[in-house]
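1. Sequence first, then the predicted structure, then my questions.
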Amino acid sequence: MMKPNARKLLLTAWAAGLAGVTASCAVGPDFKRPEPPSASGYGTASAQVDIVATDVPGGNAQRLIVGQDIPAQWWTLFQSPKLNQLIEQAMKSNADIAAAKAALRQAHELYAAERATFFPTVAGNFTATRAKNPIGSIANPTVLPQENPYYNLYTAQVSVSYVPDVFGGTRRAVEASRAQAEATRFQLEATYLTLSSNVVVAAIQEASLRGQIAATQRLLQLQHQLTEKTRQQRTLGTVSNLDVLTQEAAEAQTAATLPSLQRQLHQTRDALTALLGRLPSDEPEETFRLDELFLPVELPVSLPSKLVEQRPDVRQAEANLHVASAQAGVALADMLPQFVITADTGSSALKISDLLKTGTGFWDVGASLTQTLFDAGALLHKHRAADAALDQAGAQYRAAVIVACQNVADTLHALQADAQALKASAEAERAAKAAFELAQQQRELGTISFVAVMNAETLYQQAELAFVQAQASRYSDTAALFQALGGGWWNRTEGRSL
């Protein structure tokens with residue numbers, strides 16, 4: 001058993017080590033959060049606060065509101081219960097979400113394991129040995145006289161070791177592990193944001209393609225009628241073969257666009273099914289059309305200084321910068337002397353029943369200091385590499401901030417351009433429709449040919465196809481703005497369990 005003076009000596013050594021850890025400063029740079037951007041906006045992209053309205057479905061007036069918060073479930077602003085349901089399913093079943101959650105659990109466990117290095121390591125050991133002494137050469141220390149050379153030896157022992165964090169290397173390692181867990185958490189938030197945005201965009205893309213396919217099928221039907229009419233006129237000799245070939249080529253060109261649109265629709269449906277965590281055979285029943293979606297009216301715009309707090313990728317880059325800063329301290333601490341305090345106490349006896357008797361106990365306590373004297377510069381180069389990694393992480397953070405601001409500016413420009421494009425497409429569609437209706441009236445009066453009527457309707461259907469595409473762009477870029485601003489993850493309380 002350990003004697004009182006031995007226990008006192010061991011406790012004193014541990015107390016001295018702990019006091020040294022508390023009093024000393026950790027080597028390496030202390031991490032400070034980068035200063036947020038001082039810009040007051042996004043240049044010309046944020047100069048205009050009102051987005052032009054068009055009196056058509058999907059042409060709602062939109063207003064940019066600086067500083068408005070973003071709801072956690074921002075996709076509900078499109079007012080589509082089917083879309084809300086699919087995103088909820090995706091959040092529960094998507095494999096990327098499950099992988100990101102597992103990575104976060106792993107990061108937390110590694111952080112907990114790293115924190116354990118602050119405490120002593122205690123190990124218990126019990127050994128039982130049976131031995132035979134050579135009685136012809138040396139005396140048996142266990143049996144007198146030398147009649148039985150065999151004996152048993154039992155030893156029970158407790159070993160304690162502790163590494164005092166004299167220069168703060170352990171604290172920097174724990175700091176790096178904690179920052180890595182933060183980086184993984186923001187990676188999970190980025191996965192949530194990307195998933196919800198992809199589901200919204202896939203639904204809008206599906207709605208757009210369905211509209212384009214319907215317009216193309218109608219256009220193809222009209223062109224086929226026009227081709228048949230042209231062939232009849234050729235039989236009568238009122239048109240030439242060139243006119244027929246020209247019309248047949250126009251019909252074939254339109255027909256060639258339909259398989260491509262149908263392929264895109266099937267691929268979009270497959271992509272949407274995969275986002276839900278399903279195989280292609282388990283395609284969702286929900287389908288989408290543009291007239292089922294509502295275009296959000298009030299759009300938030302966060303200042304750059306707030307944006308860096310909201311974007312998960314920027315926060316992850318900041319956490320990675322913190323990791324690199326702490327690891328630079330670890331590399332520096334590795335170059336300094338390493339201290340270890342050890343102690344052992346136990347008992348050794350020839351019988352198990354004697355292990356706790358007086359005279360069988362033993363103990364030892366000690367300390368060691370190790371300093372690398374020559375390693376061909378390995379530790380020095382590792383320290384320099386850690387400093388270079390810190391510079392790299394700093395540059396990557398700055399790049400992430402620039403990309404985040406660029407994304408917002410690009411989306412704001414796109415929203416303005418989309419509104420103007422939709423207005424022009426709507427005017428073209430109305431003009432083409434009016435021309436078609438007028439052509440029908442003139443045909444009834446016998447002033448124009450049937451071919452002229454079908455030409456007018458063909459132009460109307462082409463204008464309708466462009467109008468559908470312009471509508472979809474407004475919806476898609478509105479969703480892109482919410483994604484560029486961070487998606488409101490900071491307001492989310494449900495579904496955040498690991």
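-> Arrived safely.
2. Could you use CA atoms for every contact and neighbour count after this?
-> Will do.
3. thought Asn125 was touching Gln157?
-> Yes. Asn125 is in contact with Gln157 according to C-alpha atoms under 8 Å; the separation is 5.1 Å.
4. between those two, who's got more neighbours?
-> Using other C-alpha atoms under 10 Å, the more surrounded residue of Asn125 and Gln157 is Gln157, with 18 against 10.
5. continuing past the host helix or strand of the more buried one, what's the next helix or strand?
-> In this structure, Gln157 sits in strand 150-162 according to DSSP states H and E. Downstream of strand 150-162, the first helix or strand assigned by DSSP H and E is helix 169-236.
6. quick revisit: what pairs with the strand holding Gln157, and is each one parallel or antiparallel?
-> Counting by DSSP bridges, the strands paired with strand 150-162 are strand 121-132 (antiparallel), strand 338-349 (antiparallel).
7. could you point out which element follows the lowest-mean-pLDDT helix or strand in the chain?
-> Taking mean pLDDT, DSSP states H and E as the measure, the helix or strand of the chain with the lowest value is helix 4-23, at a mean of 48. Counting by DSSP H and E, the next helix or strand C-terminal to helix 4-23 is strand 50-51.
8. Output the contacting helices and strands for whichever helix or strand comes after that following strand.
-> Using DSSP H and E, the helix or strand that follows strand 50-51 in sequence is strand 62-66. For strand 62-66, the packing partners by 3 or more C-alpha pairs under 8 Å, 6 or more residues apart in numbering; DSSP states H and E come out as strand 50-51, strand 298-301.
9. Format those strands as TSV; extra columns: mean pLDDT, mean neighbour count and distance to Arg443.
-> Shown next, in TSV, are the helices and strands packed on strand 62-66 (pLDDT from 0 to 100; neighbours: other C-alpha atoms under 10 Å; distance: least, C-alpha to C-alpha, whole Å):
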stretch	mean pLDDT	mean neighbour count	distance to Arg443
strand 50-51	76	17	41
strand 298-301	93	19	47
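10. With distance to Gln180 as extra columns, can I get those strands in JSON lines?
-> What follows is these, written out as JSON lines (distance: least, C-alpha to C-alpha, whole Å):
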{"stretch": "strand 50-51", "distance to Gln180": "41"}
{"stretch": "strand 298-301", "distance to Gln180": "30"}
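11. Figure out which of those strands is closest to Ile97.
-> strand 298-301 (26.4 Å; C-alpha to C-alpha).
12. Would you pull up how far the closest one lies from the middle of the chain?
-> 23 Å (C-alpha atoms, centre = their mean, to the nearest Å).
13. List the pairing partners of it within its sheet, with orientation.
-> strand 62-66 (parallel).
14. What is the subsequent helix or strand relative to the strand it pairs with?
-> The helix or strand immediately downstream of strand 62-66 is helix 81-93, counting by DSSP H and E.
15. Take that next one, keep the C-alpha atoms, and write them as CSV.
-> Extracted in CSV, the C-alpha atoms of helix 81-93 (Å, rounded to 0.1, in the frame of the first residue of the first chain):
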residue,chain,number,x,y,z
PRO,A,81,-48.0,22.5,-49.6
LYS,A,82,-46.6,19.9,-51.9
LEU,A,83,-43.2,21.6,-51.9
ASN,A,84,-43.3,21.9,-48.1
GLN,A,85,-44.0,18.2,-47.8
LEU,A,86,-41.2,17.1,-50.2
ILE,A,87,-38.6,19.2,-48.4
GLU,A,88,-39.7,17.7,-45.0
GLN,A,89,-39.3,14.2,-46.5
ALA,A,90,-35.9,15.2,-47.9
MET,A,91,-34.7,16.5,-44.5
LYS,A,92,-35.5,13.1,-42.9
SER,A,93,-34.3,10.7,-45.6
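16. Output the contacting helices and strands for the helix or strand harbouring Ala432.
-> Taking DSSP H and E as the definition, Ala432 sits inside helix 378-445. Applying 3+ C-alpha pairs under 8 Å, 6+ apart, we find helix 378-445 packed against strand 50-51, helix 304-310, helix 312-333, helix 450-484.
17. Run the chain-centre distance for the second one.
-> If you compare the mean C-alpha spot of helix 304-310 with that of the full chain, they lie 17 Å apart, counting by C-alpha atoms, centre = their mean.
18. With the third one instead?
-> For helix 312-333, the separation from the chain centroid amounts to 18 Å (computed by C-alpha atoms, centre = their mean).
19. what does the last one give?
-> Offset of helix 450-484 from its chain centre (C-alpha atoms, centre = their mean): 33 Å.
20. do the same with the shortest one
-> From the chain centre to the centre of strand 50-51 is a distance of 31 Å (C-alpha atoms, centre = their mean).
21. What pairs with it, parallel or antiparallel?
-> strand 62-66 (antiparallel).
22. what residues does the partner strand touch?
-> Contact partners of strand 62-66, identified using C-alpha atoms under 8 Å, 6 or more residues apart in numbering, comprise 49-53, 296-303.
23. I'd like the mean pLDDT over stretch 333-345, please.
-> Here stretch 333-345 scores 94 as its mean pLDDT.
24. Go ahead and name everything in contact with it.
-> Counting by C-alpha under 8 Å, 6+ apart, 1-2, 10, 13-14, 27-28, 157-164, 166-169, 361-372, 379-380 sit against stretch 333-345.
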